[in-house]
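Peer 1: Give me coordinates for this.
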Amino acid sequence: RHSSAGLIMIMPLMLLVLLLLTLSLIMILLLLLLLLQDAGSAEIFKKVDHDYVAAAAAAAKTAGVPYFGLVSAQGANAAIPANDWKLFHGLLYSKTKGLAENAVTSQGFARAAIFRPGMLDRGDKARGIEKIFMPIMGSIRVSDVAKVMIADAEAFKAGKASGTAVFEMKALQQAAAAAGRSPQ
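Peer 2: Okay, here's the model as predicted:
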């Protein structure tokens, strides 16, 4: 027999989990909207975060550069349905970052390294909203991402890395910790 008292005790816990998940999603969407607001418009954002990246990758490939490292974003996904409506800028952000990744990897570099940090800790340059969300969502120092990028480029130069690699937030934090800095 099942106890209705046990079910009654589980329901508030399930509601709390659902509420926390909903609040987390709302915080992420608000953060993305505020970050995109700095770009000015969807067109300017796409020009800077995709078109310039694609042009730089093509120029590097033409010049015979064998290695290309790109700082992208956690959740980058070129297949995400997005449009230029302000309401959907959070999706536009993820899609544009994913398209930029595709533009780099399609060039066929001997090594294409994609770094997908979550929130970047920019120290004194952090915006107010970033300062609020960093302790909640976790972050990684910009200097730590740079150290991982340099280590990957050095590994490629030493013949220890090739092909395409994607470094997600957890891997970046682990590499930062291994380098002697504890990630936030």
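Peer 1: Low-confidence regions, the chain specifically.
Peer 2: Scanning the chain with the threshold set as pLDDT under 70 gives 1-40, 84-90, 126-127, 129, 131, 133, 180-184.
Peer 1: hey, where'd the strands end up in it?
Peer 2: Secondary structure of the chain (DSSP state E): strands located at 67-71, 111-116, 119-121, 139-141, 163-168.
Peer 1: JSON lines please, covering those and showing distance to residue 61 and mean neighbour count.
Peer 2: Every residue, glycine included, has its C-beta placed from N, CA and C. Compiled in JSON lines, the strands of the chain are given as follows (distance: least, C-beta to C-beta, whole Å; neighbours: other C-beta atoms under 10 Å):
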{"stretch": "strand 67-71", "distance to residue 61": "8", "mean neighbour count": "19"}
{"stretch": "strand 111-116", "distance to residue 61": "10", "mean neighbour count": "22"}
{"stretch": "strand 119-121", "distance to residue 61": "27", "mean neighbour count": "20"}
{"stretch": "strand 139-141", "distance to residue 61": "29", "mean neighbour count": "21"}
{"stretch": "strand 163-168", "distance to residue 61": "14", "mean neighbour count": "15"}
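Peer 1: I'd like those strands as a markdown table, with distance to residue 49 appended.
Peer 2: Formatted as a markdown table, the strands of the chain follow (distance: least, C-beta to C-beta, whole Å):
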| stretch | distance to residue 49 |
| --- | --- |
| strand 67-71 | 10 |
| strand 111-116 | 14 |
| strand 119-121 | 14 |
| strand 139-141 | 19 |
| strand 163-168 | 17 |
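Peer 1: Tell me which of those sits nearest to residue 77.
Peer 2: Among the strands of the chain, the nearest to residue 77 by C-beta to C-beta is strand 111-116 (10.4 Å).
Peer 1: check contacts around the closest residue to residue 110 other than its chain neighbours.
Peer 2: Nearest residue to residue 110 in three dimensions, chain neighbours excluded: residue 66, at 4.0 Å (C-beta to C-beta, 6 or more residues apart in numbering). Contacts for residue 66 (C-beta atoms under 8 Å, 6 or more residues apart in numbering) come out as 109-111, 156.
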